[in-house]
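1. Using only what follows, build the 3D model:
(3 chains)
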Amino acid sequence: MAGRIEQRIEELGLVLPQPLQVPPGLKVPLVMVRTLGKRVLVSGHGPQEADGSVAQPLGQVGADVTIEQGVEAARKVALAMLGSIQRAIGDLDRIDCWAKVFGMVNSAPGFTGQTAVINGFSEQIVEIFGEECGLATRSAVGMAALPFGIPVEVEAELQLK
Amino acid sequence: MAGRIEQRIEELGLVLPQPLQVPPGLKVPLVMVRTLGKRVLVSGHGPQEADGSVAQPLGQVGADVTIEQGVEAARKVALAMLGSIQRAIGDLDRIDCWAKVFGMVNSAPGFTGQTAVINGFSEQIVEIFGEECGLATRSAVGMAALPFGIPVEVEAELQLK
Amino acid sequence: MAGRIEQRIEELGLVLPQPLQVPPGLKVPLVMVRTLGKRVLVSGHGPQEADGSVAQPLGQVGADVTIEQGVEAARKVALAMLGSIQRAIGDLDRIDCWAKVFGMVNSAPGFTGQTAVINGFSEQIVEIFGEECGLATRSAVGMAALPFGIPVEVEAELQLK
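-> Model prediction:
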């Protein structure tokens, strides 16, 4: 039987993507999630489609990618991350709270709307988990570049009950 | 009665700013500070004036903002962050040590003086807390952009007694 | 008598560098490592030579520095960091696992190979510690600038046994 959070995800018509399809020829010597006691550490995630492929469009927000596309990419990052966390901890109801979100926006020169872009991630998380659990400490900042040209990458830490 | 750290702040003639005045129309779905057991996680803070408004000047250090202005901005970040921590934990004497500082400098192309800029933050913290408590692990790095064009942003983790 | 990890480092013909030789005139008000219970927090480290001097070449990967040189720099960062951890905790056999790696690549405009560069760090760590202990959660991202123009900087968190 699905837990409360899994039910909420289904009610919202959302789908957690499959594991990241790593581009051919690339090694990724890392773990997506590591649990240490009650701490859940989560690697940087980019936007993924449901099948785990890297989501389009790629590029810098403010140039190749519009702010609306950046927000949408950030929402997809939230779902990709939840997929990884679910595979690691089994049941998302085990989550007590989101502790820390580090939101990175691949930023064209002069783009200063990082807050609005990363809000896509945070609003997706709050929609699923509610404010008490879903609001985390956060930074939303502008990177010179991200792997494969993804427009948004987020890493996070959560706390288990 | 003010605690030891609050007294030290007053002796130094420093003022902890009011909560950040979020620019109109912008949502910030986050918490500035989250306490988990003895851990105090702190969101990215920028430089603020005493009334909580975003401090001037804005822009990239090495172009729009001089290194001296960047150092001053970093000192203001320290005070803004202490204001948030005080509102969250009540008494700054509860702090055992500064664990981790991630210092981000909005950097013009070719600017490599991130260490000197973030020293403004670290020196302000050490001035208040002393070296044993105030010296943290740290990175001081160059960002392509920061929200609203702030020149410096710092996120941190502290440990309670 | 050298521990298991120290023996492994010697077998591989590797040398842990001396403490960072800070460039003259620069203050670094920070600690390289802070231990909090079982947590080991590690400051951002750049590539160092065996004597602790900042390793060459400097500059942005994708422009001044080739991707191969970036990978080599990332391997040197791993050794520099291990030197600092050894000085802080005494015996590297005390490490239970690598928890978190934040890998920063000083990136020329348009460079998107951050994953491959930071693999130099991760592969060096796995070579020494094995996959179970050495694989951490990770982000590999592109910075606009790093102190002194170093091409790679990594900060990390480890867990003690």
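2. going forward, measure contacts between C-alpha atoms and count neighbours the same way
-> Fine.
3. CA atoms only: put the biggest strand by length in chain A into CSV for me.
-> As assigned by DSSP state E, the longest strand anywhere in chain A is strand A:95-106. Below are the C-alpha coordinates for strand A:95-106, written out as CSV (Å, rounded to 0.1, in the frame of the first residue of the first chain):
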residue,chain,number,x,y,z
ILE,A,95,11.1,12.0,5.8
ASP,A,96,10.7,14.4,8.7
CYS,A,97,11.8,17.5,7.0
TRP,A,98,13.9,19.1,4.2
ALA,A,99,16.9,20.5,5.9
LYS,A,100,19.0,22.2,3.2
VAL,A,101,18.6,23.0,-0.5
PHE,A,102,21.5,24.4,-2.6
GLY,A,103,20.0,25.5,-5.9
MET,A,104,22.3,26.3,-8.8
VAL,A,105,21.2,28.1,-11.9
ASN,A,106,23.3,28.0,-15.1
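4. Is the residue nearest to A:Pro47 when sequence neighbours are not counted in a helix, a strand, or coil?
-> Among residues not flanking A:Pro47 along the chain, A:Val77 sits closest, at 4.3 Å (CA to CA, 6 or more residues apart in numbering or on different chains). Under DSSP: H, G, I helix; E, B strand; the rest coil, A:Val77 falls in the helix class.
5. Can you report how many residues neighbour A:Val77?
-> 28 (other CA atoms under 10 Å in any protein chain shown).
6. Verify the stated contact: it with A:Asn119.
-> No: A:Val77 is beyond contact range of A:Asn119, at 11.5 Å (criterion: CA atoms under 8 Å).
7. Now the phi/psi pair for A:Arg39, please.
-> phi -90, psi 140 (degrees, to the nearest 10).
8. for the one 10 residues further on, same thing?
-> Dihedral angles of A:Glu49 (phi, psi; degrees, to the nearest 10) stand at phi -80, psi 170.
9. wait, doesn't it sit right on A:Pro19?
-> No: distance between A:Glu49 and A:Pro19: 10.0 Å, which falls outside the contact criterion (CA under 8 Å).
10. Give me the more crowded residue out of those two.
-> Set A:Glu49 next to A:Pro19 and count neighbours by other CA under 10 Å: A:Glu49 wins out with 21 against 18.
11. for that one, what are its contacts?
-> Counting by CA atoms under 8 Å, 6 or more residues apart in numbering or on different chains, A:Glu49 touches A:17, A:55, A:76.
12. ok, how many other residues are close to the closest residue to A:Leu20 other than its chain neighbours?
-> Distance criterion CA to CA, 6+ apart; nearest residue to A:Leu20, sequence neighbours excluded, is A:Gly52 at 4.4 Å. A count of neighbours around A:Gly52, defined by other CA under 10 Å, yields 17.
13. any idea which helix or strand carries A:Ala140?
-> strand A:137-143 (DSSP states H and E).
14. actually A:Glu68, sorry about that
-> helix A:67-89.
15. Buried by neighbour count: which residues of that helix qualify?
-> A:67, A:69-86, A:88-89 (16 or more other CA atoms under 10 Å in any protein chain shown).
16. what's the angle from it to strand A:95-106?
-> Angle, helix A:67-89 to strand A:95-106, by axes from the mean of the first three to the mean of the last three CA atoms, to 10 degrees: 140 degrees.
17. Relative to the whole chain's centre, how far out is helix A:67-89?
-> Computed by CA atoms, centre = their mean, to the nearest Å, the chain-centroid distance of helix A:67-89 equals 3 Å.
18. what's it packed up against?
-> Judged by 3 or more CA pairs under 8 Å, 6 or more residues apart in numbering or on different chains; DSSP states H and E, helix A:67-89 is in contact with strand A:33-36, strand A:39-45, helix A:114-134, strand A:152-160.
19. and the first one, anywhere near chain B?
-> Which is strand A:33-36. No: if you take CA under 8 Å from any CA of the partner chain as the test, strand A:33-36 misses chain B, and the best it gets is 14.2 Å.
20. and that strand, which residues are buried?
-> For strand A:33-36, using 16+ other CA under 10 Å, the buried residues are A:33-35.
21. Dump the residues you listed to JSON lines, plus distance to B:Gln159 and pLDDT.
-> Formatted as JSON lines, these follow (distance: CA to CA, whole Å; pLDDT from 0 to 100):
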{"residue": "A:Val33", "distance to B:Gln159": "24", "pLDDT": "98"}
{"residue": "A:Arg34", "distance to B:Gln159": "22", "pLDDT": "98"}
{"residue": "A:Thr35", "distance to B:Gln159": "20", "pLDDT": "98"}
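22. tell me, which of those residues make contact with chain C?
-> A:33-34.
23. which of the buried residues of strand A:33-36 lies closest to chain B?
-> A:Thr35 (15.7 Å; CA to the nearest CA).
24. Quick check: A:Glu72 touching A:Gly120?
-> Yes: between A:Glu72 and A:Gly120 there is a contact under CA under 8 Å: 6.4 Å.
25. confidence score at A:Gly25?
-> Per-residue pLDDT puts A:Gly25 at 88.
26. What distance do you get for it to A:Ser43?
-> 20 Å (CA to CA, to the nearest Å).
27. Quick one: neighbours of A:Leu12, just the number.
-> 10.
28. Spell out which parts of chain A neighbour chain B.
-> Checking chain A against chain B by CA under 8 Å from any CA, the hits are A:99-100, A:107, A:109-116, A:119, A:122-123, A:135-144.
29. Between its first and last residues, what's the separation in stretch A:145-157?
-> 23 Å.
30. sorry, back to before: list the contacts of the longest strand of chain A.
-> A:59-61, A:114, A:117-118, A:132-146, A:149-161, B:34, B:41, B:43.
31. which residues does the nearest residue to A:Arg8 once chain neighbours are set aside contact?
-> The shortest distance from A:Arg8 to any non-neighbouring residue, by CA to CA, 6+ apart, is to A:Ile128 (6.2 Å). A:Ile128 makes contact with A:5, A:8-9, A:134, according to CA under 8 Å, 6+ apart.
32. and which of these is nearest A:Asp93?
-> A:Ile5 (5.9 Å; CA to CA).
33. is it true that the closest one touches A:Gly90?
-> No: if you go by CA under 8 Å, A:Ile5 and A:Gly90 don't touch, sitting 11.8 Å apart.
34. Please tell me how far A:Ala144 sits from A:Ser107.
-> 6 Å.
35. Quick check: neighbours shared by the two?
-> B:144-145.
36. Bridged to the residue lying closest to A:Val154 once chain neighbours are set aside, which residues?
-> Using CA to CA, 6+ apart and skipping residues adjacent in sequence, the residue nearest A:Val154 is A:Gly103, 4.5 Å away. Note on A:Gly103: beta-bridge partners A:Ala140, A:Val154, judged by DSSP bridges.
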